[in-house]
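Visitor: Kindly return the folded structure for what I paste below:
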Amino acid sequence: MTTSEEIIPREILFGNPKYASPMLSPDGTYLAYLAPNDEDVLNVFVRHVSDAEEKEAWMVTSDKSRGIRRAFWGQDSRTIMYLQDFEGDENFHLWAVDATVEGAEARDLTPGDGVKAQNIISNKRFPDEILVSTNQRNAKVFDMYRCSYKTGELSLEAENPGDVVGWGAEDSSFEVREAVVRNQEDSSTTVRVRDDASSEWRDLKTFPYGEKGSLVEFCTDGETCLMTSSLGRDTSALLKVDLKTGDVIDEIFSSEKCDCGSVILDQDTKEIRAISYNYARTERLFFDKDLEHDYEVLKSLGPKDAEVFVASKTRDEKMWVAGYRRSDGPTEYVLYDQTSKTTTPLFVSNPKLLEYKFAPMENVIIKARDGLDLVGYLTRARTDTKTPLILMVHGGPWARDYWGFNSKAQWFANRGYATLQVNFRGSTGYGKTFLHRGDKQWGVGDMQHDLTDAVKWAIDEGIADENNICVYGGSYGGYACLAGLTFTPDLYKCGVDIVGPSNIKTLLDSIPPYWGPLRNGMLLKIGDVDSDEEFNRKISPLYHVDNIKSPLLIGHGANDPRVKQAEADQIASSMKEKGIPVEYVLYSDEGHGFARPDNRLDFNGRTELFLATHLGGRAEEFVKPDGSTASFPLEI
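Guide: Residues are numbered from 1 along each chain as shown. Sure, this is the predicted structure:
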């Protein structure tokens, strides 16, 4: 076996990490991180950086339900801000709390029913303020506000005329000088800019549907900016652009194989220090030799074949939190002294994982039936013989899979199943042609064909047992599961659908109101299910339930704002009426995925028994967790 001989407990694989998201305060005095409280709910903890043994760490938040997933320091090095929604409804409010005082009361900076906060920008030059957009004025659009996070005062900074889907600020003035506009008629995207807060907006660059681009940063000369753009090329490049005319002054970076990734800039001069890009693994091009040396030092001090990343830095960049990402073990964090070029161990995200052996993840290239190269990731259960296979399909679908430790892939490998993840056409990161080859290809088209071809590749390579294949996925991956069972029913022995849509028309009719500006672009990618009923019926698994030959397990959150509960209800009910084997588990306090550990462990335990029944792998005993809210609508 590629993993430990013993069964690795689900509690260790899917319980909360012991540590996550380490964050240095800007002045370097404190370290904040996420960790479970005594009730096993993720909260924000803080300690002095000098307190290496955590003797005096204190909890500064008091979430009692789904846990906190995103937090960050205020520039004052005293305040922690964090986002939290209610039971998965994704109406995230922004909260602030004094992190230097244990038991301090948190304040809601963006109150109101149905209000969602996003697009948060901080600035070291304005340490007492942040910019945050909310839809408190109009549920369908987000205005930009300036917030004094110590007092909670909000002042309108930029009102949304109705077509803005994102805002940006110029660094030195901290004024809102960028607006990203989506044209709802043709789904083009335009970057608008202005010279200062009192000036008129003007269009800088328009990206027609099918093109991709964004403003990265205003340059300090006041006349140029950095942008990414796919105009005139297939993959997006990093460019220097004239702020008045939009003309390209210089092409700084491009790759023929994948899009430009993140850009590291000098905080003050805005000079480019490094650019990352990712075809199968993370790569970097350095412009700053000192920074390159820092990464070389970090790599030399870390585990073999690990990817180095920087999780946090102090304002003066003399102290870093660096991480080592592996595919066969947990993430390890260190404190890096940039002056002495030395590291001090900080913590391991989930130290209990160190007690077990895990399988390496291999990046592979799969040829689709039309010759298109697909990047995939394979985690084997065995290397000496073929095994059952889990085809694990990513969500989005306009997203992608990455190399690294994947708890589900390791879980499957330990139970005796190989796992294959594939970046099918329509996935992001590989250029506009690859992305838009997925247009109108849902279900019965090439997006699904790519998944079929990936399975056949694994069979032909002697990796997968052709009689024991499961299709598994969440969100779009859940849809791909349903499509696989309905449109290629002889390929799969069983399927697991997590928060997947079954009828594309009803999916789009029930999206959140603030997704309105994006809806037309979704129709261009998916196909016009609004006006073409026949097409919707063609690609929606709900209308092809009679084709299903294999058992299905469904998991859904009752508060899911993206894929409503009805999407699961309707296909589960239809399968039950037709006598097709289906199990349906609903969680009353979850949304688009399972954030609470008890629910996550509950569904994964049921999944493990389901897979063992139909694929024949190993299974740990299942006992329903005390805090699980699982219900079974088909049994009512």
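Visitor: Tell me where the stretch 1-150 of the chain has helices.
Guide: 10-14 (DSSP state H, counting those that start in this stretch).
Visitor: After the helix ranked longest in the chain, which helix or strand is next? Please name it.
Guide: Among the segments of the chain that qualify as a helix by DSSP state H, the longest is helix 597-615. If you walk from helix 597-615 toward the C-terminus, the next helix or strand you reach (DSSP states H and E) is strand 630-631.
Visitor: Determine how far that next one lies from the middle of the whole chain.
Guide: Centroid displacement of strand 630-631 relative to its chain, using CA atoms, centre = their mean, to the nearest Å, is 26 Å.
Visitor: May I have the secondary structure class of the residue nearest to residue 309 when sequence neighbours are not counted?
Guide: Once its chain neighbours are removed from consideration, residue 309 has its nearest residue in residue 323; the separation is 5.0 Å (CB to CB, 6 or more residues apart in numbering). Glycine gets a C-beta too; all of them are placed from N, C-alpha and C. In the three-state summary, residue 323 is assigned as strand, counting by DSSP: H, G, I helix; E, B strand; the rest coil.
Visitor: what's across from residue 323 in the sheet?
Guide: In this entry, residue 323 is beta-bridged to residue 309, residue 333, by DSSP bridges.
Visitor: Touching, it and residue 312? I think so.
Guide: No - between residue 323 and residue 312 there is no contact, the gap being 9.5 Å when judged by CB atoms under 8 Å.
Visitor: now the closest residue to residue 546 other than its chain neighbours: how far from residue 604?
Guide: Take residue 546 and drop its neighbours on the chain: the residue closest to it by CB to CB, 6+ apart is residue 578, 6.7 Å away. Residue 578 is 28 Å from residue 604, where distance means CB to CB, to the nearest Å.
Visitor: Neighbour count for the two, which is higher?
Guide: residue 604 (21 against 11; other CB atoms under 10 Å).
Visitor: Tell me where the model's unsure across the chain.
Guide: With pLDDT under 70 as the threshold, the chain has no low-confidence stretch at all.
Visitor: do you know how far the most centrally placed residue in it is from residue 18?
Guide: For the chain, the residue nearest the mean C-alpha position is residue 399 (8.0 Å; CA atoms, centre = their mean). The span separating residue 399 from residue 18 equals 28 Å under the rule CB to CB.
Visitor: Residue 200 - how many residues pack around it?
Guide: 7.
Visitor: my bad, should have said residue 262
Guide: As a burial measure, the neighbour count of residue 262 was computed by other CB under 10 Å and equals 12.
Visitor: Next: residue 533.
Guide: The burial metric for residue 533, expressed as a neighbour count using other CB under 10 Å, is 10.
Visitor: Then residue 251?
Guide: Neighbours of residue 251 using other CB under 10 Å come to 13.
Visitor: Do I have it right that it meets residue 235?
Guide: No - with the criterion set as CB under 8 Å, residue 251 and residue 235 do not qualify as a contacting pair; they are 12.0 Å apart.
Visitor: In the sheet, which strands lie alongside the helix or strand containing residue 239, parallel or antiparallel?
Guide: Counting by DSSP H and E, the element that carries residue 239 is strand 237-242. For strand 237-242, sheet partners with direction are given as strand 224-229 (antiparallel), strand 248-253 (antiparallel), following DSSP bridges.
Visitor: closest to residue 614 out of those strands?
Guide: For the strands paired with strand 237-242, distance to residue 614 was read as CB to CB. The smallest value, 44.7 Å, belongs to strand 224-229.
Visitor: what's the offset of the closest one from the middle of its chain?
Guide: Counting by CA atoms, centre = their mean, strand 224-229 comes out at 24 Å from the chain centroid.
Visitor: contacts for it?
Guide: Strand 224-229 is contacted by residues 191, 193, 204-205, 207, 211-219, 236-243, 248-249, 252, 259-260, 263, 265, 270, 272 when judged by CB atoms under 8 Å, 6 or more residues apart in numbering.
Visitor: Just checking: what are the partner strands of the top strand by length along the chain?
Guide: Longest strand in the chain, counting residues (DSSP state E): strand 464-474. Each strand pairing with strand 464-474, determined using DSSP bridges, is listed with its direction: strand 387-393 (parallel), strand 494-498 (parallel).
Visitor: Output these in a markdown table, with mean neighbour count and distance to residue 297 appended to each entry.
Guide: Supplementary listing: the strands paired with strand 464-474 in a markdown table, determined by neighbours: other CB atoms under 10 Å; distance: least, CB to CB, whole Å:
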| stretch | mean neighbour count | distance to residue 297 |
| --- | --- | --- |
| strand 387-393 | 28 | 35 |
| strand 494-498 | 27 | 41 |
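Visitor: who wins for proximity to residue 521 among those strands?
Guide: From the strands paired with strand 464-474, taking CB to CB, the stretch that ends up closest is strand 387-393, at 21.7 Å.
Visitor: And that closest one, how far out from the chain middle?
Guide: The gap between the average C-alpha position of strand 387-393 and the chain average comes to 21 Å, counting by CA atoms, centre = their mean.
Visitor: outside of that strand, which residues touch it?
Guide: Counting contacts by CB under 8 Å, 6+ apart, the residues outside strand 387-393 that touch it are 380-381, 408-409, 412, 416-422, 424, 451, 454-455, 458, 463-465, 468-473, 476-477, 480-481, 484, 493, 611, 615-617.
Visitor: Moving along the chain from that strand, name the first helix or strand you hit.
Guide: Beyond strand 387-393 in the direction of the C-terminus, DSSP H and E gives the next helix or strand as helix 407-415.
Visitor: ok and that next one relative to strand 464-474, angle-wise?
Guide: Using axes from the mean of the first three to the mean of the last three CA atoms, to 10 degrees, the direction of helix 407-415 lies 150 degrees away from that of strand 464-474.
Visitor: from what I can see residue 137 touches residue 143, true?
Guide: Yes - using CB under 8 Å as the test, residue 137 is close enough to residue 143 to be in contact (5.6 Å).
Visitor: hey, what's in contact with both of the two?
Guide: When contacts are counted by CB under 8 Å, 6+ apart, the set common to residue 137 and residue 143 consists of residue 159.
Visitor: Mind checking which of those two has more residues around it?
Guide: In this comparison of residue 137 against residue 143, neighbours counted by other CB under 10 Å, the higher total goes to residue 143 at 19 against 15.
Visitor: OK, contacts around the more buried one?
Guide: With contact set as CB under 8 Å, 6+ apart, residue 143 has these partners: 133-137, 156-160.
Visitor: Residue 176 too?
Guide: If a contact means CB under 8 Å, 6+ apart, then residue 176 has 131, 144, 157-158, 167-169, 197 as its contacts.
Visitor: Also residue 274?
Guide: Neighbouring residues of residue 274 by CB under 8 Å, 6+ apart: 263-264, 284-288, 291-292.
Visitor: from the residues you listed, which would you call buried?
Guide: Taking 16 or more other CB atoms under 10 Å as the criterion, what is buried in the contacts of residue 274 is 263, 284, 286-287, 291.
Visitor: Just the ones of these in strands?
Guide: Among these, the members falling in strands (DSSP E) are 263, 284, 286.
Visitor: I'd say the last one and residue 295 touch.
Guide: Yes - counting by CB under 8 Å, residue 286 does reach residue 295; the two are 7.5 Å apart.
Visitor: Could you export the strands paired with strand 237-242 as TSV, including distance to residue 148?
Guide: Compiled in TSV, those are given as follows (distance: least, CB to CB, whole Å):
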stretch	distance to residue 148
strand 224-229	28
strand 248-253	37
